[in-house]
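**Q** Just to be clear, the model below is a prediction. Sequence and coordinates:
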Amino acid sequence: MNLKYYRAPDLIKRVLKEIHEYRQPVTFMEVCGSHTMAIGHWGLRKLLPENIRLISGPGCPVCVTPASVIDELIKLKDITIATFGDLIRVPGSDQTLEHARALGADIRTVYSPLEALELSQKRETVFVGIGFETTIPGIAYTILEAGRQNQDNFSVLPLFKLIPPALNALLIDDEVEIDGFILPGHVSAVIGTQAYDFIPQKFGIGGVVTGFEPLDIVLGIKKMIEQINKPQIINEYSRIVTTEGNMAAKATISEVFSIGNAVWRGLGEIPDSGLDIRTEYSQFDALRKYDIQITNIEGNTACRCSSVLKGKIMPFDCPLFAEICTPNNPVGPCMVSSEGSCAAYYKYEK
Ligand code: SF4
């Protein structure tokens, strides 16, 4: 890919000039934490006219993991817990996994679920399965591989989240005002643009799937403006995303998981927004193996992450932002995660 093209200042300026000709006040939500980071990194928010407001959404898997998950993991004894890095610093009700590790718990950070499967050859291991549609195929593959290896010591805690039902939940919330979505590029590569067709059909607003380079993002915003009176889903990331998505990845997901409800931090329980491990693979289901209950507790009540994740407030509207809550001393998950809105605003827009 020619990154120079997608970062060319003259092209970006030309698109921004067209965006500045639009005068109506509009609010667009960038659903994905990677978009929030990219917008901050390239300083794009400051280059937009004041009438175009970008708000961040719930597309950070660590941020939407309920505090009860941390509490339940800390209760597990004499097993290895393998997780992606950011989760170990997320506060539960009293402790983080990092604290628990300092007190002797065997908590490992891994870069792939296959690493967790390897750990299970030596010791009973639970892999903490967080992530959206992008991450899920690799975890489904790992469960299939555990089956092939007949590996009894391995299980996955299924905490997966699906983006389209979360967008539906946001749009039926009367307090959330959005004129369109900047839709996630990576998730859309798996599910395809057709997964969002319900948005214009049911809610009369549109969305643009776009990539993460500055030209991708400004073109996405320009397309959002162009379709505002004729809402539709536009694919501005066709070098990666198709209408149908990745059929092989979707088939692997369906083989291992069935649709279920999921508890989102900040958004509560959303019907059909998660995945359950199918009974054929129940020996790898940590929920059943360890009788884990995921509830909707929020952890530190002073943290306003739940409002940030719905775009109801901006990170700097939280009284703790940058004063008490910083990346070195995070009070809530939105400041912990490398894709969290509060972390992005702290790093780039403070
Ligand atoms: S600044 Fe910290 S305390 Fe405030 S909403 Fe963000 S993560 Fe929560």
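**A** Happy to help now that I have it.
**Q** Dihedrals phi and psi, the residue in the stretch 1-150 of the chain that the ligand sits nearest to?
**A** Closest contact between the stretch 1-150 of the chain and the ligand, by Cβ to the nearest ligand atom, is at residue 63 (8.3 Å). Every C-beta, even on glycine, is put in place using the N, C-alpha and C of the backbone. Here is the backbone geometry of residue 63 (degrees, to the nearest 10): phi -60, psi -30.
**Q** and the gap between the residue nearest to it when sequence neighbours are not counted and the ligand?
**A** Distance criterion Cβ to Cβ, 6 or more residues apart in numbering; nearest residue to residue 63, sequence neighbours excluded, is residue 333 at 4.5 Å. Per Cβ to the nearest ligand atom, to the nearest Å, residue 333 is found 7 Å from the ligand.
**Q** How about residue 280?
**A** From residue 280 over to the ligand the distance is 39 Å, taken as Cβ to the nearest ligand atom.
**Q** tell me what the strand ranked longest in the chain is packed against?
**A** Taking DSSP state E as the assignment, the strand of the chain that covers the most residues is strand 268-277. Packing contacts for strand 268-277, counted by 3 or more Cβ pairs under 8 Å, 6 or more residues apart in numbering; DSSP states H and E, involve strand 154-158, helix 163-171, strand 257-264.
**Q** What's the mean pLDDT across the first one?
**A** Spelled out, that is strand 154-158. For strand 154-158, the mean pLDDT works out to 98.
**Q** Residues touching it, excluding its own?
**A** Applying Cβ atoms under 8 Å, 6 or more residues apart in numbering, the external contacts of strand 154-158 come out as 69, 73, 113, 116-117, 120, 125-129, 139, 142-143, 146, 257, 274-277, 283-287, 289-290, 292.
**Q** how much does it deviate in direction from strand 257-264?
**A** Put simply, strand 154-158 runs at 60 degrees to strand 257-264, going by axes from the mean of the first three to the mean of the last three Cα atoms, to 10 degrees.
**Q** Need the CA coordinates for strand 154-158. CSV is fine.
**A** These are the backbone C-alpha positions of strand 154-158, laid out as CSV (Å, rounded to 0.1, in the frame of the first residue of the first chain):
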residue,chain,number,x,y,z
PHE,A,154,-7.5,-25.0,27.9
SER,A,155,-10.6,-22.8,28.0
VAL,A,156,-11.8,-19.5,26.8
LEU,A,157,-13.8,-16.9,28.7
PRO,A,158,-16.2,-15.7,25.9
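**Q** For residue 211, give its distance to residue 347.
**A** Distance, residue 211 to residue 347, by Cβ to Cβ, to the nearest Å: 21 Å.
**Q** which element is residue 207 on?
**A** Per DSSP states H and E: residue 207 is located in strand 206-209.
**Q** Show me what that strand is packed up against.
**A** Contact partners of strand 206-209 among helices and strands, from 3+ Cβ pairs under 8 Å, 6+ apart: strand 180-183, helix 214-226, strand 233-235.
**Q** Paired strands for the last one, with orientation please.
**A** By that I understand strand 233-235. The sheet places strand 233-235 alongside strand 206-209 (parallel), with pairing taken from DSSP bridges.
**Q** repeat for the first one
**A** In the sheet containing strand 180-183, the strands it pairs with under DSSP bridges are strand 26-32 (parallel), strand 206-209 (parallel).
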